[in-house]
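# generate coordinates for the sequence data below:
(2 chains)
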Amino acid sequence: MNDQDRLQDAPAGDAWADSPRLTKRALLGAGGALLAGATLSVPRAAQAQTPRTALVIAAQIDDLVALDPHHSFEVTGSDALKNVYDQLFAIDETKASAELMPGIAESYAVSDDGKTFTFRIRQGVRFHSGNALTAADVVFSLRRPLQINRTPAFMYRSVGLTKENVEQNIQQSGEFEVKVTFDRAYAPSLIQNLFTATIASVVDSKLVQQNAGTDMGNTWLNRNSAGSGAFRVARYQPNETYVLERNDNWWRGRVALQRVIVRHVPEAATQRLLLERGDVDVARNLTPTDIAGLRGKPGITLQEFPRGTIQYFCANKGDPLLSNQKVIDALKLLVDYDAIANNLLPGQVFPHQSFIPRAILGEVNSRPWRFDPERAKRLLAEAGHPNGISLAMDTANSFPSLDVAQALQASFARGGVKLEVLPATGAQVLAKVRARNHQLFIGIWGLGYPDPHYNADSFTHNPPGQANPGKLSWRNNWEIPALSAKTEAAMRERDRNARAAMYRQIQEEFIGTSPFVVFAQQQVQVAVRSNVTGYMASSPGLSAIYWRANKA
Amino acid sequence: MTAASALRQAPGFLLQVGLTLLGLLAVTFFIGRVVPIDPVLAVVGDQAPRDVYEAVKRELGLDQPLAVQFWIYVQKMAVGDFGQSLVTNRAVIEDIARVFPATLELATLATLVGVLIGVPLGVAGAVWQDRWPDQIVRVIGLVGYSMPIFWLGIIGLLVFYGMLGWVNGPGRLGVAFEDMVPVVTGVILVDAAIAGEWEVFRNAVGHVVLPSAVLGYFSVAYIARMTRSFMLEQLNQEYVVTARAKGVPEARIVWVHALRNVSVPLVTVIALSYARLLEGAVLTETVFAWPGLGRYLTTALLAADMNAVLGATLVVGAVFVGINLLSDLLYRVLDPRAR
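The predicted structure is shown next:
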């Protein structure tokens, strides 16, 4: 209902004094009957309970674009697909940090020049269709992302695989052996971590080819599944629901629950009501207010899961005001890090100041920046702005960036920085930032695969002389030839420990000198019915885990 | 209205409808092109290198002049090809066929609530002007206009679902009832009735009753207020005085003479109210997790999914035109002077 519906008062007519007796009774009777009818016809709902063998989740899934694992790029997509497909490697979900374990690749070997990886494929794995998983399926699955060339293909391009060279560089070398040749000698840990991503899912090549259509089965796989994982996709309606059915023959063991039903419930308050009534087992997207309201309620447990997404804002060094690092340092001192974590987004984030999230190789817990408006004022004065400055910050008009931007307005003001917040849709803001037309931009950044290089490639890698609109460093005019070289060296370092040390050093430099202000890392806060065990809303492998869930 | 006169008027009317839709297409298309949203990025993602970006831009025809793009667009629209949605990866027409019945179901029930309660209330308000029934109608109207529907929906859910358990929760069906009836019309109540699945039907009623009542409440407020105003005007006409002088029973004067004359403007009011609900009530659909057109359109808009936005807008426009046409036809049935 909108403003157009607000009508002017109806024109008053002359009073018609004589009230007709019969009509009055008739009218009252008619109205009463209508109301009674409307009330009585409502069936009384029984106290709800979800089926014993199914996990029912209320979540916001309207950003789920694709169910084709070689097309999907959203966390929501990974949440579903990691439970449906197996990848070459896996991240052990029982560990607190991202630790690799074999997946469809049982083992691997690297050639002397470090460029060619030979993967030994696990035998005895069967797809949901009953087809046996072979090296041919792995080759098909590794080539396909570049052949269909959707959003996540950039992850393979970043290690030198292209649409043109995949047939040459990815080859079957035995019945259960696959060779992949990269353009350079990359760190084995990087390649393994990359191959835990959703894009490295192994699909049933026979089934996909039977349904190939004109797009290598892209349309078909966006409605169906062809995997070997814990579940298969039984039903999917975009923006409404997806239903996963158990794979009784999963090679890692049979899962306890028969089905997982995820329903799109956009409103947090509605998710909470559904949970309280027992109509769902998990409420996935609750606000701090809802969480506070549910605390201590019988039958409901609150849980937190760290996720590999950081919150940051960045300063465009191409802007005359922001080209001076002292101004940027002043902004770093004008963020009330603790207030954001404890008061604004309690339970949803924890303080973090680097681009590599906690639980990922090379993580650091260094947090040198503290809220200090007086020091910020001094820095601004040294930069030639004793009377303060005015800046504009672009943000998507959504939680949490918009909320933090508004909080920053207040904390910036205490240091003499007048901040104008410019909210717009995510797509509009993205276009502006890619064109480097912003001063400040606030956003969130998620890992695509659990390796430090994924973020380093965007935050600390900006090879000179190239236009790299995909990279955050380029978008902010951060010229860093030396740091870019270090980032490249880290992506090639074969020794895992030495590699971690390199990333720690890169981060120290980043925290001290970059135009990025990382202020928090996200965690997922969910409320679940107390009879549910083992559900993980997020994991170090960057997705939800359904296969461990059970119900008492 | 005779068949011959209808035939005579048909070409002019069709031309009018066609031009309206073309105008709608033009407006939405050009707005879609001037908004600072890059549709290529929505396809390739923001990490794509420039060559991939350029290739997709060419594939989408975005390198062509605007006029050419519009012409291609109109040609496609003419054959029902609304393109592919970026958000759902399905044909927009298929998406709309899925979400529109959900909105149709909700809007129709809400309008029914609005008419069945709003018209008698409005009549009562006019008959007892400035007395207590009238005051009640005014309060209902005032509350209806001033209360945000979002809030009313949440409170409704809290009380009738959360606390009392009288109705089922958000969504169109309970988890256990999904996929139990084959999709024929997409309107679950109808499909369940066709299949004879009365348990599914009852579950669906339990789900639809609250959102349609909340939405219907706003229709009640609007329709009652307008009915009251139209009736007041009629009840002061000379023919009413004449009828009374002739001893016609009061009930007959109100329900037959006056209400019949009111029916023509009332049809417009109801039709407009229905059309507005058919656009999709975004907030109601959000609160009640109702997968309808309004939510589809909003999601598409926020995701820069222009094919879906344009397709859904066109459907909304077509609905408006269709309902206007329907109310025009009803005029002619109800009012001999309009024939």
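# can you give me the strands in the stretch 301-450 of chain A?
According to DSSP state E, counting those that start in this stretch, the stretch 301-450 of chain A carries its strands in the segments A:349-351, A:389-396, A:417-424, A:440-446.
# and of the ones you listed, who's closest to B:Gly118?
strand A:417-424 (38.3 Å; Cβ to Cβ). (C-beta placed from N, C-alpha, C; glycine too.)
# what does the closest one contact?
Strand A:417-424 has contacts (Cβ atoms under 8 Å, 6 or more residues apart in numbering or on different chains) with A:330-331, A:334, A:376, A:380, A:388-397, A:402, A:405-406, A:408-409, A:412-413, A:432, A:440, B:36.
# how about that strand: buried residues?
Within strand A:417-424, the residues that count as buried by 16 or more other Cβ atoms under 10 Å in any protein chain shown are A:417, A:419, A:421-424.
# got those residues as TSV, with pLDDT and distance to B:Ala304 columns?
Formatted as TSV, the buried residues of strand A:417-424 follow (pLDDT from 0 to 100; distance: Cβ to Cβ, whole Å):
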residue	pLDDT	distance to B:Ala304
A:Val417	97	31
A:Leu419	97	26
A:Val421	97	21
A:Leu422	96	17
A:Pro423	93	15
A:Ala424	88	11
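# and which of the residues you listed is nearest A:Asp113?
So of these, ranked by how close each gets to A:Asp113 (Cβ to Cβ), first place is A:Ala424, at 48.4 Å.
# ok, and the closest non-adjacent residue to A:Ala59?
A:Arg284 (3.7 Å; Cβ to Cβ, 6 or more residues apart in numbering or on different chains).
# so the one you found sits against A:Val75, correct?
No. The criterion here is Cβ atoms under 8 Å, and A:Arg284 misses it with A:Val75 at 11.2 Å.
# ok, the two, which is more surrounded?
Shown here are A:Arg284 and A:Val75; by other Cβ atoms under 10 Å in any protein chain shown, A:Arg284 has more neighbours (25 against 21).
# residues contacting the more buried one?
A:57-60, A:271, A:524, A:526, A:537.
# need the residues of the stretch 251-400 of chain A near chain B, please.
With Cβ under 8 Å from any Cβ of the partner chain as the criterion, the stretch 251-400 of chain A meets chain B at residues A:261, A:263-267, A:269-270, A:273-274, A:276-277, A:279.
# among these, who's most crowded?
That'd be A:Val265 among those, by other Cβ under 10 Å, with 31 neighbours.
# quick check: phi and psi on it?
phi -130, psi 100 (degrees, to the nearest 10).
# was I right to think it contacts A:Leu275?
No. Contact criterion Cβ under 8 Å: A:Val265 and A:Leu275 do not qualify, at 9.9 Å.
# pull up the overlap in contacts between the two.
A:Ala58.
# before we move on, back to that, taking the contacts of strand A:417-424, please make a ChimeraX selection of just the buried ones.
Remark: buried members of these, expressed as a ChimeraX selection using 16+ other Cβ under 10 Å:
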select /A:330,331,334,376,380,388,389,391,393,394,395,396,397,405,408,412,432,440
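# name the residues linked to the residue lying closest to A:Ala54 once chain neighbours are set aside by a beta bridge.
Leaving aside its chain neighbours, A:Ala54 sits nearest to A:Arg259 (4.1 Å; criterion: Cβ to Cβ, 6+ apart). A:Arg259 has these beta-bridge partners by DSSP bridges: A:Ala54, A:Glu245.
# need the contact list for A:Arg259.
Here A:Arg259 is in contact with A:51, A:53-55, A:234, A:243-246 (Cβ under 8 Å, 6+ apart).
# just among those, which is most surrounded?
If you rank the contacts of A:Arg259 by neighbour count (other Cβ under 10 Å), A:Leu244 sits at the top with 28 neighbours.
# so that one touches A:Gly229, yeah?
No. Contact status for A:Leu244 versus A:Gly229: not in contact, 9.3 Å apart, counting by Cβ under 8 Å.
# got any residues that touch both of those two?
A:83-84.
# number of residues surrounding B:Ser85?
B:Ser85, neighbours per other Cβ under 10 Å, totals 28.
# so who does the closest residue to it other than its chain neighbours touch?
Spatial nearest neighbour of B:Ser85, excluding adjacent residues (Cβ to Cβ, 6+ apart): B:Ala308 at 4.3 Å. By Cβ under 8 Å, 6+ apart, the residues touching B:Ala308 are B:82, B:85-88, B:92, B:95, B:296-297, B:300.
# and A:Lys297, backbone torsions?
Given degrees, to the nearest 10, the pair of backbone angles that A:Lys297 has is phi -70, psi 130.
# quick one: pLDDT of the closest residue in space to it that isn't next to it in sequence?
Residue nearest to A:Lys297 in three dimensions, not counting chain neighbours: A:Glu276, with 7.1 Å by Cβ to Cβ, 6+ apart. Looking at A:Glu276, its pLDDT is 93.
# give me the element the residue of the stretch 101-250 of chain B found nearest chain A is part of.
Here the stretch 101-250 of chain B gets closest to chain A at one residue, B:Ser229, 2.8 Å apart by Cβ to the nearest Cβ. Following DSSP states H and E, one finds B:Ser229 within helix B:198-235.
# same deal with A:Arg232?
strand A:231-237.
# list the helices and strands that strand packs on?
Under the contact criterion of 3 or more Cβ pairs under 8 Å, 6 or more residues apart in numbering or on different chains; DSSP states H and E, strand A:231-237 touches strand A:241-246.
# just the ones in helices from the contacts of A:Arg284, please.
For those, membership in helices holds for A:Gln271, with DSSP state H as the criterion.
# turn the contacts of A:Arg284 into a markdown table, including neighbour count and pLDDT.
Below are the contacts of A:Arg284 laid out as a markdown table (neighbours: other Cβ atoms under 10 Å in any protein chain shown; pLDDT from 0 to 100):
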| residue | neighbour count | pLDDT |
| --- | --- | --- |
| A:Ile57 | 30 | 96 |
| A:Ala58 | 32 | 95 |
| A:Ala59 | 24 | 95 |
| A:Gln60 | 16 | 92 |
| A:Gln271 | 28 | 94 |
| A:Val524 | 21 | 93 |
| A:Val526 | 25 | 96 |
| A:Ala537 | 22 | 96 |
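# circling back to that earlier point, shouldn't the residue nearest to B:Ser85 be within a strand?
No. Secondary structure of B:Ala308 (DSSP: H, G, I helix; E, B strand; the rest coil): helix, not part of a strand.
# got a PyMOL select line for the buried ones in the contacts of B:Ala308?
Selecting only the buried entries of those in PyMOL, with 16+ other Cβ under 10 Å as the criterion:
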select buried, chain B and resi 82+85+86+87+88+92+95+296+297+300
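# need the per-residue pLDDT for whichever residue of the stretch 51-200 of chain B sits closest to chain A.
The stretch 51-200 of chain B approaches chain A most closely through B:Thr88 (3.5 Å), counting by Cβ to the nearest Cβ. pLDDT for B:Thr88: 86.
# skipping adjacent residues, who's closest to it in space?
Nearest non-adjacent residue to B:Thr88 (Cβ to Cβ, 6+ apart): A:Pro238, at 3.5 Å.
# which residues sit in contact with that neighbour?
Here A:Pro238 is in contact with A:64, B:85, B:87-90, B:95 (Cβ under 8 Å, 6+ apart).
# list the residues that contact A:Ile121.
A:104-106, A:133-135, A:138, A:176-178.
# okay, now the unreliable bits of chain B?
B:1-7, B:36, B:280, B:338-339 (pLDDT under 70).
# I'd say the residue nearest to A:Lys297 and A:Asp290 touch.
No. A:Glu276 is not in contact with A:Asp290 according to Cβ under 8 Å; the separation is 10.1 Å.
# can you give me the helices in the stretch 201-350 of chain A?
Remark: helices assigned in the stretch 201-350 of chain A by DSSP state H, counting those that start in this stretch are A:205-210, A:218-221, A:268-277, A:288-294, A:325-333, A:337-339.
# grab the nearest non-local neighbour of the one residue in the stretch 51-200 of chain A that gets nearest to chain B.
Chain B sits closest to A:Thr151 of the stretch 51-200 of chain A, with a gap of 3.3 Å, by Cβ to the nearest Cβ. Excluding its sequence neighbours, the residue lying closest to A:Thr151 (Cβ to Cβ, 6+ apart) is B:Gly45, at 3.3 Å.
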